[in-house]
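> what's the 3D shape of this:
(chains A and B, ligands or ions: 2)
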Amino acid sequence: MKTIVCIKYVPDTSEAEVKVNPDGITVDSSRFSFDINDADNYAVEESVLIKEAKGGEITVVSIGPKKSDVMIRMAMAKGCDKAVRIEDDRIAGHDPLMVAKVLAGAAKGEEFDLVLTGCMASDDGHMSTGVALAEELGVNHASMVKKIEVLDGGKIKVSRELEGGLMEVVELELPAVITIQTGINEPRYAPIRGIREAQKKELKVVKLDDLGVDPASVGPDASQIILEALYIPEVESSAEFIAGDPNEKAEKLASILVKGGLI
Amino acid sequence: MGNVLVLAEHRQGVLRDISFEMLAVAPKLAADMGGEAMVLLIGSSMDDMAKKAAGYGVKVMVVDDPLFKDFNADKYQKVLSALIDDLKPAVVITGHTAQGVDFMPALAVEKKLPLIAEVIGLEYAGGTLKATRQLYSGKVNATLAFKPADTYLVTFREGAVEAPAPSSAGTVEKLDSPLKEDLPYRKFVEYIESEVGDVDITQSNILVAIGRGLKEDKNLPLIEELAKAIKADIAGSRAAIDAGWIPHDRQVGTSGKSVKPKLYIAMGISGAFQHIAGIKGAKTVVAINKDPDAPIFAVADYAIVDDMFKIIPKLTEKLKELKG
Ligand SMILES: Cc1cc2nc3c(=O)[nH]c(=O)nc-3n(C[C@H](O)[C@H](O)[C@H](O)COP(=O)(O)OP(=O)(O)OC[C@H]3O[C@@H](n4cnc5c(N)ncnc54)[C@H](O)[C@@H]3O)c2cc1C
Ligand SMILES: Nc1ncnc2c1ncn2[C@@H]1O[C@H](COP(=O)(O)O)[C@@H](O)[C@H]1O
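Ligands and ions are numbered 1, 2, ... in the order given. Predicted structure coming up:
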């Protein structure tokens, strides 16, 4: 099985204050720590599990800056074989349809049976890239997948996660693009030996032209949407914020809960 | 004409809430664009659902054929692709759901039409359609404008707006199915219902909920002690379930369960909309989070901005004392 896994380097903003830059359309990411997108981490693990079971080769594809090489090497340390990183500032990154075209350009340069993406990127969260990529490549797809079974005869059976925890099981023929939902497996830690070996694996850094993708077809002019503004939403919290040192806060909360008859 | 076509969503014979929520947005948008809101239903044996949808005062169009018995992204894409050619709607809106996200991006690529996903607001002014959506799990809002196109594609977030009340009776029209034979690409096999565990959190009176902020499972006893002291059940965010700290059936949110406890204590949970959607029925929400900007505070009644590990031991102790 030849697999391509698309991974994105994203900022961890769960505990950080996010500020919009003066340009009004980007955020100040200078103080964020970056890592592999959560769902993509599961996609990497799934690709390695499939390789371990069925053999084959895994190619990592990522559009991102030089500093994301650490993430790519980590995926290689876990078992991915080679990588293509696309670094090009002519891509309209705010439009997942443009991103999908670029990823398709990279995928077309490889042989593949299966393409795995995350179902959602935690930064801009379109949940669109994988399904758009399938259409660009003209292959089958299924999104939000929490189980993959490789069947005989070039088919796979996948469980799609629907709302309320309901699963929809479908069968499709390869080649296919599958978007991976978190929780599908338990991502491993990279073994020390793998980390050493990863340094020797092939990591190609390319531009759009190298992929045969016309920059004009994936740039801001080609995109049919314009990012006009980013802003911090006003949070209308009606919460009572409990003040004090930690002990005081805990005590105050306890008495609110008890006095209010909540407990 | 600026018609707005809303794809109503149904599963296992029931119209899902998102179908009605989109009707809180579509009629006004259509009026602003000089057209009308129309609902499209794709399925098999759709008479009852069509009647129900028409109760919202809109024109309902039905593609009713046994081929559409189960949802299939490829078939939905085919139908919408043909109907966009026939009906030339100005906007097509579907839910940003497991259905909508499974075919709308492909439809956009096929038809070379623009798509904006997980939209929470739409506005048409001065000839431009603009959409609001969120980035960074709700910490940043974005305004996006569509460049002029024949049809704009939108997937709308669940629970972002409230469904209107049913109004006058609309009309129902059956359309010829553009799909004449089955498509070979994807075969539906079965549905698998979510597992039932030892505790049904949808019935819990008090829930203590943990998120990624728990950091590691060796911190669980602290939570268990608090839960025990106040006779609460333990629930959690998707991150806590994915990490394997608590069982699957304890997940709260869109892909987990909707809960309605008297008291919900969220600790180390950021409050992504997929999580918050599951606690709309909670009477009182307490949130403990060290990030003052955490979106969870927007839905909290009582809030503590602090390290949960500095709060919980004392909280448990004090609760025991007051209750004891
Ligand atoms: C299709 C789909 C469906 C989904 N369905 C669900 C769902 O049903 N339910 C759900 O919950 N999520 C769901 N999600 C995931 C959701 O988008 C979020 O990723 C998830 O809710 C985040 O969980 P969290 O809040 O625990 O983690 P994070 O977002 O990482 O937040 C952790 C929080 O803990 C705080 N924290 C850290 N350390 C401490 C400390 N010591 N003391 C206090 N606070 C601390 C941080 O400030 C942060 O706010 C879904 C996602 C997708 C794509
Ligand atoms: N810059 C990128 N490089 C590689 N893969 C990406 C990139 N952006 C998005 N993807 C893939 O598309 C998935 C979904 O992204 P999105 O549609 O933005 O939610 C991610 O989980 C990745 O697998």
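
> Give the buried residues for stretch A:80-91.
Neighbour counts over stretch A:80-91 (16 or more other Cβ atoms under 10 Å in any protein chain shown) mark A:80-81, A:83-88, A:90-91 as buried. All C-beta atoms are positioned from the backbone trio N, CA, C, and that covers glycine.

> Greatest separation within those: which pair is it?
A:D81 and A:R90 (28.4 Å; Cβ to Cβ).

> if I look at the spatially closest residue to B:K174 that is not a sequence neighbour, how far off is B:L175?
In space, and not counting its chain neighbours, B:K174 is closest to B:V62: 5.3 Å by Cβ to Cβ, 6 or more residues apart in numbering or on different chains. Remark: distance between B:V62 and B:L175 (Cβ to Cβ, to the nearest Å) = 7 Å.

> again with B:G253
Separation of B:G253 from B:L175 (Cβ to Cβ): 36 Å.

> tell me, how many neighbours does the closest residue to B:K69 other than its chain neighbours end up with?
Using Cβ to Cβ, 6+ apart and skipping residues adjacent in sequence, the residue nearest B:K69 is B:S44, 4.3 Å away. Using other Cβ atoms under 10 Å in any protein chain shown, B:S44 has 13 other residues around it.

> confidence score at B:S44?
pLDDT for B:S44: 97.

> what are the bridge partners for the closest residue to ligand 2 within the stretch 51-200 of chain A, then?
Closest contact between the stretch 51-200 of chain A and ligand 2, by Cβ to the nearest ligand atom, is at A:G118 (2.3 Å). Beta bridges link A:G118 to A:I180, judged by DSSP bridges.

> Just to check, it is in contact with A:Y42?
Yes: counting by Cβ atoms under 8 Å, A:Y42 is a contact partner of A:G118 at 7.2 Å.

> and for the two, which residues touch both?
A:I180 (Cβ atoms under 8 Å, 6 or more residues apart in numbering or on different chains).

> Show the residue spans covered by the strands in the stretch 51-200 of chain B.
B:59-64, B:91-95, B:115-125, B:128-135, B:140-146, B:152-156, B:171-174, B:186-192 (DSSP state E, counting those that start in this stretch).

> Figure out how far the fourth one is from the centre of its chain.
Relative to the mean C-alpha coordinate of its chain, strand B:128-135 is positioned 17 Å out (Cα atoms, centre = their mean, to the nearest Å).

> Ok, stretch B:69-80 next?
Worked out by Cα atoms, centre = their mean, stretch B:69-80 lies 20 Å from the chain centre.

> ok, how many other residues are close to residue 61?
All of this is about chain A. The number of residues packed near A:V61 is 25, by other Cβ under 10 Å.

> To clarify, I was referring to chain B.
Neighbours around B:M61, by other Cβ under 10 Å: 21.

> okay but it is in contact with B:V39, surely?
Yes: proximity of B:M61 to B:V39 meets the contact threshold set by Cβ under 8 Å, at 7.0 Å.

> Next up, the contacts around the residue lying closest to A:C80 once chain neighbours are set aside.
Closest residue in space to A:C80, ignoring its immediate chain neighbours: A:I58 at 4.3 Å, by Cβ to Cβ, 6+ apart. Neighbouring residues of A:I58 by Cβ under 8 Å, 6+ apart: A:3-5, A:47-48, A:51, A:79-82.
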